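Colleague: sequence and computational prediction follow.
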Amino acid sequence: LLCLSSIIIPASVFAGNPDVAVVYFSLPENTTAFSSVDGLTSASLISEKGPGTTAFVAEAIESALEKMYQMDVPKMSISVRDKYEGNFDRVVARNHAEAASDAEPDLVNSSDFNAVVTAKTVFIGYPTWNMNIPRAVASFMKSVDWRGKRIAVFNTNDGYGAGRGVQSILSLAQGAQQLG
């Protein structure tokens, strides 16, 4: 049994087909260094030098799946080509501008891209930005043929919930079956 907050996925879902991958977007991996970090404006950071919260959860999911199936599980960070500036107000301003124009930031292909996009089951994680997904997640979602795949969405946020993020991911994952 794998439990992610309110998502409970029985191990039998993967029986005979542990073709699974984890993909996520995390701000610390997509920004220049923050000049200062505090608990009020940087809740998506575990620590100043550590991974973001979404990366931390992705790592936990990957580890649980690897233990469950005794195999390597591909994990990929969605990475933007043009990094966000390390100032929280500038990150927010850029995100609002990207969302207002439905921008699709250019992504940097990871060496795990093919393993992730060919997996039959994909765990997709994102932090809530402006009550939705970061536009980099939309760029990734549009780059994959989701027909016949299963997806499990996970989210990190500052306590206000997933917003429209799950619905946005599902609308971009045409033909996929949602788990959980």
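Modeller: It's in.
Colleague: and residue 64, how far from residue 152?
Modeller: From residue 64 across to residue 152, the span is 12 Å (C-beta to C-beta, to the nearest Å). For glycine as for every other residue, the C-beta is placed from the backbone atoms N, C-alpha and C.
Colleague: ok, residue 98 next?
Modeller: 25 Å.
Colleague: kindly report the same for residue 32.
Modeller: Taking C-beta to C-beta, one finds residue 32 at 31 Å from residue 152.
Colleague: again with residue 30
Modeller: 22 Å.
Colleague: re the thing from before, and residue 32 and residue 152? which has more neighbours close in?
Modeller: residue 152 (20 against 11; other C-beta atoms under 10 Å).
Colleague: so what pairs up with the more buried one in the strands?
Modeller: On the basis of DSSP bridges, residue 152 is bridged to residue 123.
Colleague: what segments of the protein are strands?
Modeller: 2-4, 7-9, 20-24, 75-77, 79-80, 107-108, 121-127, 150-156, 177-178 (DSSP state E).
Colleague: make CSV out of those and add mean pLDDT and distance to residue 92.
Modeller: Shown next, in CSV, are these (pLDDT from 0 to 100; distance: least, C-beta to C-beta, whole Å):
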stretch, mean pLDDT, distance to residue 92
strand 2-4, 51, 27
strand 7-9, 58, 28
strand 20-24, 95, 20
strand 75-77, 95, 21
strand 79-80, 96, 15
strand 107-108, 95, 21
strand 121-127, 95, 12
strand 150-156, 94, 16
strand 177-178, 93, 29
